[in-house]
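Enquirer: Prediction below, plus the sequence it came from.
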Amino acid sequence: MSFQPHLALPFVSLLALAGCLSPDQRVDDFVGSFDTIASQVSGIGTTPAANMPTSSSATYDGFSTLMVYGSSSAQPVDYFVGRSEMTANFTAAGGTVEGRLDDFAVSQMSASENGTLRTIVASLDNSDASLQTLKDGMTDPQIASGALDIAGDISGSGYTGTISGNLTHGDTVTAVGGSMGGSFGGPTASAITIEGTTATGMGATQNGEARNVYMLGVGAR
């Protein structure tokens, strides 16, 4: 199969200063980084289990997206875009992963609008038209402070783990937790996906009220 999220790069130098960027700059940085990493990993294939590294460590820098929404399609969706950094510690028995998702911007939109952006990201579609749609779709973004931390265990060509953390924008606190996972891509695990949904055991609350989630990210080394 082609390497793309089952739910269906290094960042530019500005990411070193991501904490100082405005909301619009964070969106621009996300779009540029998505473009770069999509070009690098699209179609590279999932790493065969027999080719997975059995020693050493690798760090994967990339992008992350998080969709937080209610039970009704009439309710607005909070769509977070940010960066990711994942580290894999490979062993003969599999190994472990750990990581952090942060430097988020968030925009509120309709379920239909969000569906368009989600499809672009899930398919790693970095055509000029799709990149413009990603940028235009993040209207009136806000900074979302905080971070989401990941820890898990590697098995075969993938990993399973947990995620936890809080993101705050304005008066809204989004608390995220639960199960997540992903897979490695490339002949020798040169890329990684970061995935989670309500259906797979990941969840969120916003100011204490339960919400559904859809998380998707990709990193490369």
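Expert: Yep, it's here. Numbering: from 1, shown residues only.

Enquirer: how about the strands of the protein, start to end?
Expert: Per DSSP state E, the chain carries strands over the ranges 57-69, 77-91, 94-109, 142-155, 158-169, 172-185, 191-197, 202-206, 209-220.

Enquirer: quick one: Asn83 and Ser157, what's the gap?
Expert: Heads up, residue 83 is Arg, not Asn. 24 Å (CB to CB, to the nearest Å). To be clear about C-beta, it is placed using only N, CA and C from the backbone, and glycine gets the same treatment.

Enquirer: Between the two, which is the more surrounded one?
Expert: For the pair Arg83 and Ser157, the greater number of neighbours falls to Arg83 (22 against 17), based on other CB atoms under 10 Å.

Enquirer: Spatially, what comes nearest to the more buried one if we skip its sequence neighbours?
Expert: Asp103 (4.8 Å; CB to CB, 6 or more residues apart in numbering).

Enquirer: The one you found contacts Arg26, correct?
Expert: Yes. In this structure, Asp103 is within contact of Arg26 by CB atoms under 8 Å, at 6.3 Å.

Enquirer: so who does the residue sitting furthest away from the middle of the chain touch?
Expert: Taking CA atoms, centre = their mean, the residue of the chain most remote from its mean C-alpha position is Ala92, at 27.2 Å. Counting by CB atoms under 8 Å, 6 or more residues apart in numbering, Ala92 touches 54-55.

Enquirer: Roughly how far does it sit from Ser56?
Expert: Distance from Ala92 to Ser56, by CB to CB: 12 Å.

Enquirer: how many other residues sit next to Ser57?
Expert: Using other CB under 10 Å: Ser57 sits among 11 other residues.

Enquirer: List the beta-bridge partners for it.
Expert: Asn89 (DSSP bridges).

Enquirer: where's it relative to Gln108, distance?
Expert: Note on Ser57: its distance to Gln108, by CB to CB, is 38 Å.

Enquirer: What of Ala191?
Expert: Distance from Ala191 to Gln108, by CB to CB: 31 Å.

Enquirer: So which of those two has more stuff around it?
Expert: Ala191 (26 against 18).

Enquirer: Now that one: closest residue in space that isn't a chain neighbour?
Expert: Closest residue to Ala191 apart from its sequence neighbours, by CB to CB, 6+ apart: Gly185 at 3.9 Å.

Enquirer: Same check on Ala210?
Expert: Gly203 (7.1 Å).

Enquirer: got it, and Thr139?
Expert: Distances taken as CB to CB, 6+ apart put Ser107 closest to Thr139, at 5.7 Å, once the chain neighbours are dropped.
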